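Undergrad: Need the 3D shape of this:
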Amino acid sequence: MNRLRMFATACAFAVLAGVGTTASAQGKPTVKFHSYGKIILHLPHWVMIEKGFCDKQGITCEPVTLTSAPLAQAASAAGSVDIAITTIDTTLRAISMGNDLQLVGGMWENNPYILVARSDLERPNGNAGYPKNMADLKGRKVGVTVRGSAAEMFARALLTSAGMSPDAVTYVPVGPPGGAFAALAARQVDAAVTWDPAPAFCAASGACVPVVDMRNGEGPESFKALNSTGVFYQAQRRLVAEHPARIDAFNRASAEAIAWLKDPANFEEALALTKKNMVLGDNIPNHDKVYELMVKDGIAHFSSKMDPASVQAWHDFLLETKVLSKSLAVRDLIYTKSP
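TA: Residues are numbered from 1 along each chain as shown. Here you go, the predicted structure:
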């Protein structure tokens, strides 16, 4: 999306969504945060609101549904959403194109991507682990979100680091995890680079199996440094400068929600909250098992920390893979708590 289209889209969302960081009817400032919809990534946000952590911090947390990271970043630039939520590669790319964002807080550690394959796919190197198991995908169809996406970038990097051509497979756009799982189950693709809750769908259905689980440190040695920061909060630099206390309050509410989720005593309540907010489609088998796996996977990866060294590692990796065309001053992009 070029800057003109970004601006036009952002203006449209400004009209639809109103102005962010407004005062609520109760006198508390409202912090509008980006939501992708009813997906497991937002479990901490459901907890923040349901358990009163936002109220405790003196703010009203209001989700604004925007289905893609570029839309959220455009809405952020227009002021119709205060805090956007994306993977770090998407944000560094947006910043390199002129979107004046700062990284303001963490919410998911580890590289969020996983390469899965159809369980009935012939994989003679399936037990050999990475990098030998990548040879089984030569000539196969690999699903990615869209062409040119971060999912494709990681598929290419996995192949290259395994000594194969990045074009040894055919890339097929399949959309987010639900679409990736459907394409695998329908045998439209042989494998896919995707993220949660696809692994839970695979485990519950038996339709697909992990090949390289980047969430748990598998893959090339060069990926290891990426694993302390994956998905995080970001906001416009001007908003951070004008309302640092609101950013801090939102981060505290998020950290409290994540700490609540980490307490095993709260698992059943977290599970019930997930079922309340996220309805699985009829194409997903064994709903109870999927819900349990999704919540367990999410809780394992939610984290409020943001490691500057990992941000730098992502930046260097994106430069190396030519996703970024120029170097950025990484330290300047990271917000630190207001005094």
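
Undergrad: so where's this structure shaky on pLDDT?
TA: Residue ranges of the chain with pLDDT under 70: 1-26, 338-339.

Undergrad: Any figure for the gap between the spatially closest residue to residue 81 that is not a sequence neighbour and residue 122?
TA: The shortest distance from residue 81 to any non-neighbouring residue, by Cβ to Cβ, 6 or more residues apart in numbering, is to residue 75 (4.4 Å). Just so you know, the C-beta spots here come from the backbone N, C-alpha and C atoms, and that holds for glycine as well. From residue 75 across to residue 122, the span is 45 Å (Cβ to Cβ, to the nearest Å).

Undergrad: Ok, residue 213 next?
TA: For residue 213, the distance to residue 122 - Cβ to Cβ - is 21 Å.

Undergrad: Between these two, tell me which one has more neighbours.
TA: Neighbour count, other Cβ atoms under 10 Å: between residue 213 and residue 122, residue 213 has more, with 17 against 8.

Undergrad: Excluding sequence neighbours, find me the nearest residue to the more buried one.
TA: Of all residues not flanking residue 213 in the chain, residue 114 sits nearest, at 5.0 Å (Cβ to Cβ, 6+ apart).

Undergrad: looking at it, residue 220 is touching residue 131, isn't it?
TA: Yes. Residue 220 is within contact range of residue 131, at 7.4 Å (criterion: Cβ atoms under 8 Å).

Undergrad: which neighbours do these two share?
TA: 158, 161-162 (Cβ atoms under 8 Å, 6 or more residues apart in numbering).

Undergrad: Save those residues as TSV, and put in distance to residue 304 and secondary structure too.
TA: Output for the shared contacts of residue 220 and residue 131, formatted as TSV (distance: Cβ to Cβ, whole Å; DSSP: H, G, I helix; E, B strand; the rest coil):
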residue	distance to residue 304	secondary structure
158	29	helix
161	31	helix
162	34	coil
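
Undergrad: Return the closest of those with respect to residue 190.
TA: residue 158 (14.4 Å; Cβ to Cβ).

Undergrad: Show me the contact partners of stretch 318-328.
TA: 89, 92-93, 95-96, 150, 153, 156-157, 222, 315.

Undergrad: do that again at 6 Å, thanks
TA: Outside of stretch 318-328, the residues within contact range by Cβ atoms under 6 Å, 6 or more residues apart in numbering are 89, 92, 96, 153.

Undergrad: so what's residue 261 closest to, chain neighbours aside?
TA: Going by Cβ to Cβ, 6+ apart, residue 261 has residue 299 as its nearest residue, at 5.1 Å.

Undergrad: Might one say that the one you found is in contact with residue 259?
TA: No. In this structure residue 299 lies outside contact range of residue 259 using Cβ atoms under 6 Å: 10.9 Å.

Undergrad: With neighbour numbers in mind, choose between those two.
TA: residue 299 (19 against 15).

Undergrad: Could you measure from that one over to residue 120?
TA: In this view, residue 299 and residue 120 are 31 Å apart by Cβ to Cβ.

Undergrad: just residue 226 next, same as before
TA: 31 Å.

Undergrad: More neighbours: the two, which one.
TA: Set side by side, residue 226 and residue 120 show more neighbours around residue 226, with 23 against 12, by other Cβ under 10 Å.

Undergrad: And the helices in the stretch 1-150 of the chain?
TA: Here the stretch 1-150 of the chain has its helices, by DSSP state H, counting those that start in this stretch, at 3-17, 43-50, 53-56, 69-78, 88-96, 150-161.

Undergrad: Comparing the ones you listed, which comes out most buried?
TA: Stretch with highest mean neighbour count among these: helix 69-78 (a mean of 24; mean count of other Cβ atoms under 10 Å).

Undergrad: out of the shared contacts of residue 220 and residue 131, who's nearest residue 63?
TA: The nearest one, if we look at the shared contacts of residue 220 and residue 131 relative to residue 63 and count by Cβ to Cβ, is residue 158, at 33.6 Å.

Undergrad: what about that closest one, distance to residue 234?
TA: Remark: distance between residue 158 and residue 234 (Cβ to Cβ) = 27 Å.

Undergrad: Likewise for residue 243?
TA: Taken as Cβ to Cβ, the spacing of residue 243 relative to residue 234 amounts to 14 Å.

Undergrad: longest strand anywhere in this protein?
TA: Looking across the chain with DSSP state E, the single longest strand is strand 101-108.
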